[in-house]
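Peer 1: sharing a model prediction with you, sequence too.
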Amino acid sequence: MSDLEAHPGEAVCEPSPSPGPVAELYPAREVPLGGVRGVYVERTLPQRDLPTVGAWCFLDRFGSATATEAGASPDILPHPHIGLQTVTWPLDGRIRHRDSVGSDVEIEPGQLNLMTSGRGIAHSEFGVPGAEAGHGLQLWIALPGTATGIEPHFEQHRELPVYSAAGLRATVLIGALGDVTSPAKAYTPIVGADIVLDPGAEVRLPVERGFEHAVLVIAGTVTVDGTELTPGPLLYLGTDRAELRLTSSGGAHFALVGGEPFVEELVMWWNFVARSHDEIVEARGAWEARDTSRFPTVVGHTPEERIPAPPLPPLRLKPRKRATGCPHH
């Protein structure tokens, strides 16, 4: 899954000082995927006042029954990326991933696809014939400037480590949680975890004090440091917490994302994460020119099978700083 909006907005995401511990709710918004009729996602990152959480710069929940029309095809034709890692975490169904570095794999729940675009990669995602439609999370991680020019590559992790406590089971997708570290390659200090909390559980989950964190509920209800959270909005927790106090009367399933506050300015547009408007223009031009030195043909597809880039807006970017102290409670 990717940002396939027909008229994507541009954003410059500037670094911000550590906010300290906060509890801010950011609503999900329903976003249509351009060129994919009837397919929508529920997007909670980026937000106007919250462009990143650590290096996490994009968070979609795809395949939700409340968003996508019944019978709509989830298939996404080849499209490009630069400057990011895509994290695909299915909750049900199966997805076929193919890309321009030669990958052709299927992914199931409990398995992780991690695609690192570096200077440029293209990929497609299709449903698997005979399998139920996929539902899950798609996230982007912004690469630091030192890694934006690396060679693109792809990883699939079929077994991931688990952090366990009484009443809690956390699958660590990337980064580290407590004393558990994922094998997935990370380029910044980061954490991403899928967490299940048992009914009646009361848990103190250790987290990195210097990280900022956010929680998205998938099912059930969880109270995080006194804030009750249900499926839908993203709860942003800020920094300076050594632990999260988690309780749930009926049980809960949620995602935790966090990381060291990202200190680099980002420009995000369509499927590109860059440092300037000119980098975006260059990448878009290479995709539209079918420059195979930048974006090789995706395995199993012809050069004609592709999603064209939308038109760029007529104006250059203007910086937009992260808001602080906004009333999102």
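Peer 2: Sure thing, it's come through. These numbers come from a predicted model, not from an experiment.
Peer 1: drop to CA atoms for contacts and neighbour counts, all remaining ones
Peer 2: Noted.
Peer 1: how about V180: what's its closest non-neighbour residue?
Peer 2: Across the structure, with C-alpha to C-alpha, 6 or more residues apart in numbering as the measure, the residue nearest V180 apart from its sequence neighbours is Y163 (6.0 Å).
Peer 1: quick one, what contacts that neighbour?
Peer 2: Going by C-alpha atoms under 8 Å, 6 or more residues apart in numbering, Y163 touches R169, A170, T171, V172, L177, G178, D179, V180.
Peer 1: which one among these gets closest to S249?
Peer 2: Proximity of the contacts of Y163 to S249 was ranked by C-alpha to C-alpha; the top entry is R169 with 16.0 Å.
Peer 1: bridging residues for the closest one?
Peer 2: Each beta-bridge partner of R169 is listed here, defined by DSSP bridges: S164, V196.
Peer 1: same thing with the one 5 residues further on?
Peer 2: In this structure, I174 has the following beta-bridge partners (DSSP bridges): G192.
Peer 1: quick one: contacts for it?
Peer 2: With contacts taken as C-alpha under 8 Å, 6+ apart, I174 has the following neighbours: T181, S182, P183, A184, K185, A186, I190, V191, G192, A193.
Peer 1: follow-up on the earlier one: can you pick out the most distant pair from the contacts of Y163?
Peer 2: For the contacts of Y163, the farthest-apart pair by C-alpha to C-alpha is R169 and D179; their separation is 13.6 Å.
Peer 1: more crowded one of the two?
Peer 2: R169 (17 against 8; other C-alpha atoms under 10 Å).
Peer 1: one step back: of the contacts of I174 - the most surrounded one?
Peer 2: Highest neighbour count within the contacts of I174, by other C-alpha under 10 Å: V191, with 27 neighbours.
Peer 1: my guess is that residue meets A176, correct?
Peer 2: Yes. At 5.6 Å, V191 counts as touching A176 under the criterion of C-alpha atoms under 8 Å.
Peer 1: quick one: the helices in this structure?
Peer 2: In order along the chain, the chain carries the following helices (DSSP state H): 277-288.
Peer 1: where are the low-confidence patches of it?
Peer 2: Under the criterion pLDDT under 70, the flagged ranges of the chain are 1-18, 34-38, 64-73, 133, 317-329.
Peer 1: which residue is the nearest non-sequential neighbour of the residue of it most remote from its centre?
Peer 2: Taking C-alpha atoms, centre = their mean as the measure, the residue most remote from the mean C-alpha position of the chain is G200, 29.7 Å away. Closest residue in space to G200, ignoring its immediate chain neighbours: S249 at 4.4 Å, by C-alpha to C-alpha, 6+ apart.
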